[in-house]
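Trainee: Below are the sequence and a predicted model for it; my questions follow.
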Amino acid sequence: MTRQPIPLFVNPAAGRGRAGRRLAGIVERLASRGIATKVHASASQGDIERAVGELPAGSRALVAGGDGSIHEAVNGIMQGGRDVAMGVIPTGTGNDFAKSAGIPRDWPAACDALAAKLLDDAAPQNVDLGRMNDRWFANGAGIGLDAKVTRIARSYRLPVGDLVYLIAILDAMREDIATPRMTISGDAEWSGPVTLVSLGNGPWIGGLFHIAPMADNRDGLLEMLIAAPVTRRRILSLVPKLIRGRHLDEPEITHASIRNLTLVAEAPVESHLDGEVQPPASRFEFEIVPGALKLL
């Protein structure tokens, strides 16, 4: 058994309550493999970020949750300038970061793999992080329709797993799907309205959508995809291609690998980071920071 308990951060509401229901099993599974933990359960949004940000340099932290919990932990580490290595046990809805990082999505298998690394004192892997303005993201960022879909999906309390995002797309199309005129500069250029702009550090968003098949969170690049303005009917025809990662050759899609990017919108627009909806803004500065996160 590890001599000092390792902090285990969990949002009990993650995965529509799956994280809370699995917490006792996670603690027991890790303990049975020699890993003592001290549970820090989140009571409200921002709790994990604040708690992780208070860890001393050189700490290890475990996160049991989904992409939102990982987002908070990453921002706690980076905003506080902490040298903290993070381990992930996926218990969310989409678990996009876990898929990108090669972490088993089956939580018992993830516990076993993590325990083996901790007991062997294995060196953490370094993975890239993205930054939008003053916030960090581990998996991806989006502006426009995908941010709107994310906002709608998070309002549901339906136990439908990844299908929640498909339902949210249908709801989103009841609203205006166009965005204000945008100007993009830096490693790529664009001028005009869009349906969405996606910046991928990992290949998936929303659990189902293989939006950036070429993305690799260890290559020092973000994969930018722009979808030009399209009709609602065209969105429906593109969804199956987005799920299979077969959309890159479609005429409405523009792709570029970037390190730095500035996006300016004529009016404030919605955005998301790792599925966490951000306040509307009109200026966005993006960059990739290679190897910024130590991943257990």
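Mentor: Sure thing, it's come through. Numbers count the residues shown, from 1 in each chain.

Trainee: residues near the closest residue to residue 87 other than its chain neighbours, how many?
Mentor: Distances taken as C-beta to C-beta, 6 or more residues apart in numbering place residue 296 nearest to residue 87, at 3.6 Å, with adjacent residues excluded. Quick note: C-beta positions are derived from backbone N, CA and C, even for glycine. By other C-beta atoms under 10 Å, 19 other residues sit near residue 296.

Trainee: wait, doesn't residue 296 sit right on residue 89?
Mentor: No - look at residue 296 against residue 89 with C-beta atoms under 8 Å: they stay out of range, at 10.6 Å.

Trainee: what is in contact with these two at once?
Mentor: 62, 114 (C-beta atoms under 8 Å, 6 or more residues apart in numbering).

Trainee: circling back: enumerate every residue touching the residue nearest to residue 87.
Mentor: Counting by C-beta under 8 Å, 6+ apart, residue 296 touches 60, 62, 85-88, 114, 117-118, 122, 124.

Trainee: Under a three-state scheme, what state does residue 283 occupy?
Mentor: State at residue 283, reduced to three classes by DSSP: H, G, I helix; E, B strand; the rest coil: strand.

Trainee: Let me see the contact set for the residue lying closest to it once chain neighbours are set aside.
Mentor: In this structure, residue 283 finds its nearest non-sequential neighbour in residue 264, 5.2 Å apart by C-beta to C-beta, 6+ apart. Going by C-beta under 8 Å, 6+ apart, residue 264 touches 182-183, 282-284.

Trainee: Output the below-cut-off pLDDT ranges for the chain.
Mentor: In the predicted model, the chain carries pLDDT under 70 at residues 1-3, 157-162.

Trainee: Could you tell me which helix of it is the longest one?
Mentor: helix 18-32 (DSSP state H).

Trainee: Point out the other helices and strands that that helix packs with.
Mentor: Here helix 18-32 touches strand 6-10, strand 37-41, strand 60-65, helix 107-119, going by 3 or more C-beta pairs under 8 Å, 6 or more residues apart in numbering; DSSP states H and E.
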